[in-house]
Structures are given as structure tokens and as C-alpha cells.
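# Compute the structure for the input listed below.
(2 chains)
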There are 2 protein chains.
Amino acid sequence: MTYAFDEQTAVVPLGDGAWSVDLHGGWTVGGGLNGGYLLAVLGRTLGEAMPGKPDPLSTSAYYVSAATPGPATVRVRVRRDGRATATASVELLQDVEGHEVVRVTALATCGDLGRTTGDVRTTAEPLVLPPPEDCVGATDVAPEGARTPPRLMSRFDLRIPREQAGWAVGRPSGRGEISAWFRLEGGREPDVLALLSAVDALPPVTFCLGMPGWAPTLELTAHVRARPAPGWLRVRHATRNLAGGMFEEDCEVWDSTDRLVAQSRQLALAPRTS
Amino acid sequence: MTYAFDEQTAVVPLGDGAWSVDLHGGWTVGGGLNGGYLLAVLGRTLGEAMPGKPDPLSTSAYYVSAATPGPATVRVRVRRDGRATATASVELLQDVEGHEVVRVTALATCGDLGRTTGDVRTTAEPLVLPPPEDCVGATDVAPEGARTPPRLMSRFDLRIPREQAGWAVGRPSGRGEISAWFRLEGGREPDVLALLSAVDALPPVTFCLGMPGWAPTLELTAHVRARPAPGWLRVRHATRNLAGGMFEEDCEVWDSTDRLVAQSRQLALAPRTS
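Presented below is the predicted three-dimensional model:
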């Protein structure tokens, strides 16, 4: 069986460090395509470019213009290829009226998480959520003012605890925090690419602060710390510093075995308040 | 008066998007030059390259080989120049036996923090430390096994609360957290470049976990959120996830007015334990 996520992130080699991809409109949100989806496309291309180092341990993506559905090119340029890890620059480009425009420029260090050893001394506490069946589906809620949830919300199954979805009914919590269960469309099991998607899938934490608009990501760095076990992922977003029209959004992703499998932080523009 | 920090981060234009720098051996620590120092050199070059956007709002640096004291080249390549912000790739290179070797490859989005507006809705609590005069100077302590503190520790004044310096006397706290007062050598007042230095100046949090060795940074992303006020900075490092031979180190920097002026996260290799 082929899952939608795998089809929508598929890349085709063009030679000379370039790949082509057909960006899928189903990932549209706000003014462009979802940042987590684009990150997964970059991660997939890196895996093709450096097959011996399949796992993006750290990826830093700078979103410089809004990507649109349709053809795009991914360019990889290895900056250092070491014994255990390799670091590469990776860019997503689209043709706009004959000009090649950068959508995302990123750096990544890749390795093999199957070979890592060492203790797990995680002091972070696993995220505790009510069972998925007691949570609200993301397609059942829409931010205040929006008539329907964005199409993006059909690409995965999000289950948000009721008390964290108050923003959908005009009662934002006022706390800069939102958590959810996450599973890709069709029940596709998680892997490192799914983690890259999961770190930018939830509604922005600014919804909880009574700011329902779009919050474009300037930069997002994701650390994939372990390959996830099968089953639902639990994802938590939080912000502690909304200032100067920007906010940071920290994300952690837990797998079904209570392992902290990914951490990310993004810097985003705060939605304009009227 | 010219401060050592300004001399040691000075860059000279070579034309064609390149600058030269003479990396100062006083920033040596572990197997190479300090990551925060190199970050400040990159930030300074970006300021020269894009004078209308002097502040590195977000910088993601990948440390791919150990930089050594002496001449180096910084190359800037603008990837997008927008109205309010510009994003560029910036690399630090050194000649090794006739070959140009990448030391640091980075991406940055720069803007003007003097023009940002919007509420400050920071829920993070300002860092509370005992007065600097009641803390231990970093040159008074050395990790267990080391006879003298690294030369790096003379580049700035670090004042560490006594109860957080137990690692220096064989009594690591066991908590993945360390905080300190920070001021550049000679009392140079802080600016955005000082912040880039401050986010990688403290001993690694692994000292507090009883792992006294060097912890090389793989990746560090720094968000500069405001220009700091004059006076001491307060810096806090913490980790929550040591696993697979790596750990994340979160950093926050507060200025003398209790403003959260910078946040950073790095992914580092855990020191080898014998």
C-alpha cells in the first residue's frame, strides 16, 4: 500500500545534486504550503542524496517566500561528509515567470540513528493527554472567523484535548500552549520524515493567546533524536516569549513508547491583531 | 577605547561577498575555537554585508570542523533580500595545506530590531541569581581533572552561583542546568554580537551531570529578540534530553532591564565517559 504522504513527498532525481518534486495543494494553509510538509520534502531529498546517512539529526529551515502547489526543484550541496555525519545545504526553488525563486533554504546534518548508542537520561516528562477518542478532531474545529478548517487538516489526524481547543469557540485559554495526538493520513506509521511534518502540524500557539491569524514561520530547526515506534505521536507546542511582533514556538514529539523522539523550535511572525 | 572583543571579531572586506578575519587564539576551548565567538564573527560579517539590516534575528550555525587560530575567510551569499528582512548563507573557511575547508556553515535572517513593534507578552520568568559579587568567577574554577580553566574564560567575566559550580569540586549537581552572570572582557557593554557570544560561553550543562569533558556543538540556532540594555547579562543553560550520545542545550539571555533578549538551542555531542 502506498500512503498519500509518501506520494506527496516523492522526489525524482534530475542529476547534478538536483531533484524535482510536485508539491501537493492539499498541504495549503494560510498564504502557502505548510512548513512541516516542505521540511519532510527536504528530509526525503537528503535521504536520497546521502543514503548511508538516512536520518536528518538536525535541520534548520529558513522560509523565505511562500511555496505554491506544483513543480519545484530541490538542490543539495554537501558541505562536509564525515565518518558518522554529513552536513549539507538544501534549497527548495520554484520557477516564477522564468525566474528561479528560493522558497526554503536550509542546512542539515544527517547520520544514522540506528547506530547511536549511549544512555537515555531524559528529564523531560512524557506528555500526558486524554485518550484520542476523548479529544476533538482538528477537522471539527476551525479558528474563530474561519468557516472551515484549512485543507491541511485532512493530511493527518490531529486529536486535541477539549480544554485546549477553546480558541475554536471564542474562548482561547490565554496560555501559550497546545498539545495533540498526531497520526499521518491513512494511519501511515511514523518515521523520521513524519516527525519533520509533525513539528509544524498543530495550529499555532498564538490561537491560544487570542490571535487567530496566520503565523508565518521565519525559521524552524528540528532535532530528530530517535526513530519513532509505531502508533500515535504526541506533540506539544509552547511559547514563552511573544515580543517585537515575533514569537518562538517550541515543540516536542513523543512516541508510543514514551521516548522524546523530536524537539524543534521555530521563530514566527505574530499574527496581526486588528 | 577599543575593546578586545571588537578587535578579535574585526573583518576586512575582500570584495565579491568575502571578508577576511584573523581568528584569535584566546577563544580556544576543547579541540578548537569557541562556537559563540565564531557566531559573533559571522554576525559581524552579516552586519557589514547588509548594513540596512544590522541585527541577526535568527542564525543557525553548523559546526562541521574545528576552527583554529589565525586567518580565515567568511563568505556571504544573500538568498533573499526583502523589505524588512534578508536571509543569507554565511560560511567560515580556513586554508588547510592549500585546500579550503569549511569550519562553520550557517544561515541567518537579518533585520532591524530598532524598528520592531508590538506587545511584549513574555511568560518566561526573569532569571534570579545571587549578586555577581557573591558568585564564583569562572577563572577560579576548572572542571575536575583540568589544572587550569580554559583560556576562553578570560575573554569574559562569568560569575556562577556557588551552588551551581559543584562540578568544579567533584560535586556535580545532577541537574542539567547552569546559570551565570556574563560580561565581555574590559566591561564592554552588550550588543547583539555580544549576545551571539553569550549563548555559547558557559561550561556545558553536562558538567552538572558529572560528565566533565568537551561537548562539541553540532548545531546552534540563536534568536536575538531585542537589543540588550547596558550592564550585566544573565544566562541560563538547561538540557532535558540526553540520549543517543547527544543532548540539546537551551539557552536564554536576560538583560539588566529583565528583558528576554536572546534564546538559543544547540545540539551537542555528549562527552565520552570513561
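
# Give the buried residues for stretch A:183-198.
A:R183, A:L184, A:R188, A:P190, A:D191, A:V192, A:L193, A:A194, A:L195, A:L196, A:S197, A:A198 (16 or more other C-beta atoms under 10 Å in any protein chain shown). For glycine as for every other residue, the C-beta is placed from the backbone atoms N, C-alpha and C.

# residues in contact with the nearest residue to the first one once chain neighbours are set aside?
Residue nearest to A:R183 in three dimensions, not counting chain neighbours: A:D157, with 4.5 Å by C-beta to C-beta, 6 or more residues apart in numbering or on different chains. Shown here is A:D157, whose contacts under the criterion C-beta atoms under 8 Å, 6 or more residues apart in numbering or on different chains are A:G137, A:A138, A:W181, A:F182, A:R183, A:L184, A:E185, A:G187.

# For the last one, which residues are in contact?
I take that to be A:G187. A:G187 touches A:D157, counting by C-beta under 8 Å, 6+ apart.

# Then the first one?
If you count contacts by C-beta under 8 Å, 6+ apart, A:G137 has them with A:D157, A:L158, A:R159, A:I160.

# The residue nearest to the spatial centre of chain A: which element?
Geometric centre of chain A, nearest residue: A:G36, 2.6 Å, by C-alpha atoms, centre = their mean. In this assignment (DSSP states H and E), A:G36 forms part of helix A:35-49.

# Show the secondary-structure elements that the helix or strand just after that helix is packed against.
Next helix or strand after helix A:35-49 toward the C-terminus (DSSP H and E): strand A:55-63. Applying 3 or more C-beta pairs under 8 Å, 6 or more residues apart in numbering or on different chains; DSSP states H and E, we find strand A:55-63 packed against helix A:35-49, strand A:99-111, helix A:192-198, strand A:217-224, strand B:55-63, strand B:99-111, strand B:217-224.

# Would you reformat the ones you listed as TSV and include mean pLDDT?
Below are the helices and strands packed on strand A:55-63 laid out as TSV (pLDDT from 0 to 100):
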stretch	mean pLDDT
helix A:35-49	98
strand A:99-111	98
helix A:192-198	98
strand A:217-224	98
strand B:55-63	98
strand B:99-111	98
strand B:217-224	98
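
# mind checking which of the ones you listed is nearest A:E248?
strand B:217-224 (6.1 Å; C-beta to C-beta).

# what distance separates the very next helix or strand once past that closest one from the centre of its chain?
Downstream of strand B:217-224, the next assigned helix or strand under DSSP H and E is strand B:233-238. Computed by C-alpha atoms, centre = their mean, to the nearest Å, the separation of strand B:233-238 from the middle of its chain amounts to 11 Å.

# What's the local residue count around the nearest residue to A:G245 once chain neighbours are set aside?
Sequence neighbours aside, B:G118 is the residue nearest to A:G245 in space, at 3.9 Å (criterion: C-beta to C-beta, 6+ apart). By the criterion of other C-beta atoms under 10 Å in any protein chain shown, B:G118 has 15 neighbours.

# OK, contacts around A:R77?
Residues near A:R77 by C-beta under 8 Å, 6+ apart: A:G17, A:A88, A:S89, A:V90.

# Which of those residues sits closest to chain B?
Distances from chain B to the contacts of A:R77, taken as C-beta to the nearest C-beta, are shortest for A:S89 (6.8 Å).

# helix, strand or coil for the closest residue to the closest one other than its chain neighbours?
The shortest distance from A:S89 to any non-neighbouring residue, by C-beta to C-beta, 6+ apart, is to A:R77 (4.7 Å). Per DSSP: H, G, I helix; E, B strand; the rest coil, the secondary structure class of A:R77 is strand.

# Distance-wise, check the residue lying farthest from the centre of chain A relative to A:D16.
Residue farthest from the centre of chain A, counting by C-alpha atoms, centre = their mean, is A:G98 at 29.4 Å. Applying C-beta to C-beta, to the nearest Å, the value for A:G98 to A:D16 is 20 Å.

# With A:G166 instead?
The spacing between A:G166 and A:D16, counted by C-beta to C-beta, is 51 Å.

# out of the two, which sits in the more crowded spot?
A:G166 (17 against 7).

# List the residues that contact the more buried one.
Residues near A:G166 by C-beta under 8 Å, 6+ apart: A:P172, A:S173, A:C208.

# Buried among these? Need that as a selection in PyMOL.
Entered in PyMOL, the line below selects the buried ones among the contacts of A:G166, by 16+ other C-beta under 10 Å:
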select buried, chain A and resi 172+173+208
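
# List, one by one, the residues from the stretch 51-200 of chain A near chain B.
Applying C-beta under 8 Å from any C-beta of the partner chain, one finds that the stretch 51-200 of chain A approaches chain B through A:57-58, A:60, A:62, A:64-65, A:79-80, A:82, A:85, A:87, A:89, A:91, A:102, A:105-107, A:109, A:113, A:116-124, A:176.

# wait, what's in contact with A:A229?
A:A229 touches A:P190, A:D255, A:S256, A:T257, A:R259, counting by C-beta under 8 Å, 6+ apart.

# which of the contacts of A:R77 are buried?
Using 16+ other C-beta under 10 Å as the burial test, the contacts of A:R77 include A:A88, A:S89, A:V90 as buried.

# who's in contact with whichever strand or helix holds the last one?
So that's A:V90. Take DSSP H and E as the rule and A:V90 turns out to sit in strand A:86-96. Strand A:86-96 is contacted from outside by A:21, A:38, A:41-42, A:45-46, A:49-50, A:53, A:67-68, A:70-80, A:100-111, B:62, B:64, B:79, B:89, B:105, using C-beta under 8 Å, 6+ apart.

# Surely A:L152 forms part of a helix?
Yes: with three-state DSSP as the criterion, A:L152 is located in a helix.

# ok, now which ones touch the closest residue to it other than its chain neighbours?
Spatial nearest neighbour of A:L152, chain neighbours left out: A:V29 (4.2 Å); criterion: C-beta to C-beta, 6+ apart. Residues in contact with A:V29 (C-beta under 8 Å, 6+ apart) are A:P150, A:R151, A:L152, A:W214.

# Looking at these, spot the one nearest chain B.
Nearest to chain B among these is A:W214, at 15.7 Å by C-beta to the nearest C-beta.

# thinking that closest one is in contact with A:P271, fair?
Yes: using C-beta atoms under 8 Å, A:W214 makes contact with A:P271 at a distance of 6.2 Å.

# which residues do the two both contact?
By C-beta under 8 Å, 6+ apart, A:W214 and A:P271 have these common neighbours: A:P204.

# quick one, which of the two is more surrounded?
Taking neighbours as other C-beta under 10 Å, A:W214 and A:P271 compare with A:P271 leading, 21 against 16.

# List the contacts of the more buried one.
A:P204, A:T206, A:M211, A:P212, A:G213, A:W214, A:A215.

# is it true that A:T122 touches A:L260?
Yes: counting by C-beta under 8 Å, A:L260 is a contact partner of A:T122 at 5.4 Å.

# Mutual contacts of those two, please.
Joint contacts of A:T122 and A:L260 (C-beta under 8 Å, 6+ apart) are B:R240, B:N241, B:A243.

# Let's see if you can find the most crowded of these.
Tallying neighbours with other C-beta under 10 Å puts B:N241 at the head of the shared contacts of A:T122 and A:L260, with 24 neighbours.

# bridging residues for that one?
Note on B:N241: beta-bridge partners by DSSP bridges are A:T122.

# List the contacts of it.
A:T122, A:T123, A:A124, A:R225, A:L260, A:Q263, B:F247, B:E248.

# Model confidence score at the spatially closest residue to the third one that is not a sequence neighbour, please.
With C-beta to C-beta, 6+ apart as the measure, B:R240 is the residue that lies nearest to A:A124, at 3.9 Å, once sequence neighbours are left out. Here, the pLDDT recorded for B:R240 equals 95.
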